[in-house]
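Colleague: next input, structure requested:
(2 chains)
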Amino acid sequence: MHLSEGIVTSPLILGGGVVLACAGVAMGLRKMDESHALRTAVLGSGFFVASLIHIPLFGVSVHLTLAGLLGIVLGWAAFPAILVGLVLQAVLFGFGGISTLGLNTCIMALPAVAAYYASRTLLRHPDSPHAVWVCGVLGAGSVAFSAVLLAAILRTAGEAFALVAWSVLIANLPVMVIEAGVTATAVGFLAKVSPELLAGTSHWADGETKEELSSCD
Amino acid sequence: MDIIVFSDGETVLHLLDPRVRLLAAAALTLVLSQSHDARVLVAGMLLGVVGLVVSRVPLVAVLQRLVPLNAFFILLAGVLMFTTPGESVFRIGTVAATREGLLHGGTILLRGNAIVSLLACLVGTIEFIALGRALGQLRVPAKLVHVLLFTVRYINLMLAEYERLSQAAVLRGFRPGANLHTLRTTGYQVAMVLVLSYERGARMLQAMKLRGYDGTLPRTEVRAFRKQDYLFLMGVCATVVTLLGVEFA
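Modeller: Numbering: from 1, shown residues only, chains lettered A, B, ... in the order given. Model (predicted):
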C-alpha cells in the first residue's frame, strides 16, 4: 500500500508525515542497541522478501504487507525497518518516492506499532487456541488501519479524491482476509518453532541480545 | 523477481560524489512535489529524461518502473477527470469530464514521472554501500545506516531462502489459489523465512563479535568534494532558484 509520488502536494500533510515518521524512527532506534540493529536488519530483509510474495485471488494477484506481523515481531523497531524497506523499494523499483517517504512510513508503521501494543495485552499465550483468532484480527486490523490512513491522506488532496479514497478502502477488504489468514498461521508457527521471536510476549529485543553480547565478550 | 541496479555505470553522473547526488535529488524533489505550475513540471520532466539519457541506465529497467506507475496514474487521471468539479469538456452518459479534472490528472502524471525519473538517475545510480556511507556523512543516525546496509546485504540471501522454500512446496504439488490451504502454506513459508533470518542474524552477530564488532563500523575517509561536484551543486542550485522563480513569478 503506497502513496505515489506527485499526488499529495500539501506541505502540511507531507511535513506532518516526515515529523511523525522521524519521531517513530527515533523511538525505534532508541529502543535498539547496536547488536539489536543488526538483527532487526536481517529480520527486516526477511520481511522485505515476504512482502514480495503474491497470492492469486480470483484473477488478480495480491501481495502481502505483513505490517501486523512485523509489529508483533519487531515492536517499535518496525519504524526503522519499514523506513529502510521503503527506501529500498524507492531505489530498486521506483515505488513510493522521496517526498512521500514520511507519509508512507507512517501508513505502514503506525498499524505495526498498534499491533505490537495490542499483542502485548491480547497475546500473552501465543500457543493457546484463541490466539489464532487474535492474530487474525491483528493482521486484518493492521491492513484496515493502513487503508484508512491512506484513504484519509488521499481525501485531504481534495474533494475529487473521494471516489479514489473509497476504492482504496474497498480494494483492501480481500487483502484483509488474506493477511488475517497468513498472520494467524505465521504466529502459530512461530509460537511453536521460535517463540522468542514474538516480541509481544517475550521481548527478544530487551533481554536476550544483551545477554548474548555479554556471553560473547 | 528481477532486481536491476543502475549503479555499475561510469558516466558523468556515476562519478559525482554520492552526497551531491542525494542533495540534488532531495532539492529537486522538494520543489517538484510542491509545484502546481505546468512549466516547472515540464522542466522537471525534461531534466529527468536528460538525466536518464546521460546516466545510460538500461531503457528496459526504466520502463519496468515507469509503465506500472503510469498505468496507475492514467487510471487515477481517468477518475479525476470526472470527479473534479469545473467546466465540462465532454460527457459520457450523465457524468461530465471537466477541464480542471483533465489538468489535475495531467499535473499528477507529469509530477510523478518527473520525480521518479530524477530519483532513478540521481539516487538509483548510487551503489548501496556508497549510499549508506553518504547518508552517514549527511548526519543520518549511524544505527539507521547500519540497518540499511545490513538489510541490503541480506535481502538476496533471504530471497534465495524463500525461493528454496517455495520450490520445495511446488515439488510437493502445491499450487497457489484462492483457498485456505494457500493462506496456511504461505503463512508457514513467511514464518519460516523469519525463523531462518532470525537464526542467521544470531549467527552473523556472533561471527562479527568474534572479529571485534563493537557496534561501530570502521570510519572511512571522507572524500572532499571535487571540482565537478561543486559545479554540479551550483547547477542544481541555479535550477532550483529558476524553477522557484517561474513558480512564484
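
Colleague: which helices and strands sit right next to the one helix or strand B:Ile108 maps to?
Modeller: If you go by DSSP states H and E, B:Ile108 is part of helix B:99-122. Applying 3 or more CB pairs under 8 Å, 6 or more residues apart in numbering or on different chains; DSSP states H and E, one finds that helix B:99-122 contacts helix B:18-34, helix B:38-55, helix B:59-83, strand B:88-92. The way it works is simple: take the backbone N, C-alpha and C, and place the C-beta from them, glycine included.

Colleague: give the rounded mean pLDDT of it.
Modeller: Mean pLDDT, computed over helix B:99-122, is 89.

Colleague: and it, C-alpha only, in CSV?
Modeller: Listed in CSV are the C-alpha atoms of helix B:99-122, where the atom choice follows Å, rounded to 0.1, in the frame of the first residue of the first chain:
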residue,chain,number,x,y,z
ARG,B,99,-11.2,20.8,-18.0
GLU,B,100,-10.0,21.2,-14.4
GLY,B,101,-10.1,17.4,-13.9
LEU,B,102,-8.0,16.8,-17.0
LEU,B,103,-5.5,19.4,-15.9
HIS,B,104,-5.4,17.9,-12.4
GLY,B,105,-4.8,14.4,-13.7
GLY,B,106,-2.1,15.7,-16.2
THR,B,107,-0.3,17.5,-13.5
ILE,B,108,-0.1,14.5,-11.2
LEU,B,109,1.1,12.3,-14.2
LEU,B,110,3.8,14.8,-15.0
ARG,B,111,4.9,15.4,-11.4
GLY,B,112,5.1,11.7,-10.6
ASN,B,113,7.1,10.8,-13.7
ALA,B,114,9.5,13.7,-13.3
ILE,B,115,10.3,12.8,-9.7
VAL,B,116,10.6,9.1,-10.4
SER,B,117,12.9,9.7,-13.4
LEU,B,118,15.1,12.1,-11.4
LEU,B,119,15.2,9.6,-8.5
ALA,B,120,16.3,6.8,-10.8
CYS,B,121,19.2,8.7,-12.4
LEU,B,122,20.4,10.5,-9.3
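
Colleague: okay, the angle between it and helix B:59-83?
Modeller: 160 degrees (axes from the mean of the first three to the mean of the last three CA atoms, to 10 degrees).

Colleague: what residues sit buried inside helix B:99-122?
Modeller: B:100-122 (16 or more other CB atoms under 10 Å in any protein chain shown).

Colleague: show me where pLDDT drops low in the chain?
Modeller: With no chain named, the answer covers chain A. A:1, A:59, A:199-217 (pLDDT under 70).

Colleague: not what I meant, chain B
Modeller: In chain B, residues with pLDDT under 70: B:1-5.

Colleague: how is it partitioned into domains?
Modeller: B:12-133+B:224-248, B:141-210 (automatic domain parsing).

Colleague: can you give me the end-to-end distance of the shortest one?
Modeller: This points to domain B:141-210. 25 Å (CA to CA, to the nearest Å).

Colleague: for B:Val236, grab the count of nearby residues.
Modeller: B:Val236 has 19 neighbours, counted by other CB atoms under 10 Å in any protein chain shown.

Colleague: one step back: give me whichever of the helices and strands packed on helix B:99-122 is most buried.
Modeller: Mean neighbour count, computed with mean count of other CB atoms under 10 Å in any protein chain shown, is highest for helix B:18-34 among the helices and strands packed on helix B:99-122, reaching a mean of 21.

Colleague: and that helix, what other elements does it pack with?
Modeller: helix B:38-55, helix B:99-122, helix B:128-137, helix B:227-248.

Colleague: so what's the spatially most central residue of chain A up against?
Modeller: What sits nearest the mean C-alpha location of chain A, by CA atoms, centre = their mean, is A:Ala67, with 2.5 Å. A:Ala67 is in contact with A:78, A:82, A:108-109, A:111-112, A:115, A:142-143, A:146, counting by CB atoms under 8 Å, 6 or more residues apart in numbering or on different chains.

Colleague: can you put these in a markdown table and add distance to A:Ala23?
Modeller: Listed next are those as a markdown table, based on distance: CB to CB, whole Å:
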| residue | distance to A:Ala23 |
| --- | --- |
| A:Ala78 | 14 |
| A:Ile82 | 14 |
| A:Met108 | 15 |
| A:Ala109 | 11 |
| A:Pro111 | 16 |
| A:Ala112 | 15 |
| A:Ala115 | 18 |
| A:Ser142 | 20 |
| A:Val143 | 23 |
| A:Ser146 | 18 |
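
Colleague: could you dump these to CSV with secondary structure and distance to chain B?
Modeller: Converted to CSV, those look like this (DSSP: H, G, I helix; E, B strand; the rest coil; distance: CB to the nearest CB, whole Å):
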residue, secondary structure, distance to chain B
A:Ala78, helix, 12
A:Ile82, helix, 11
A:Met108, helix, 15
A:Ala109, helix, 13
A:Pro111, helix, 17
A:Ala112, helix, 14
A:Ala115, helix, 15
A:Ser142, helix, 14
A:Val143, helix, 14
A:Ser146, helix, 17
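
Colleague: cool, thanks, signing off.
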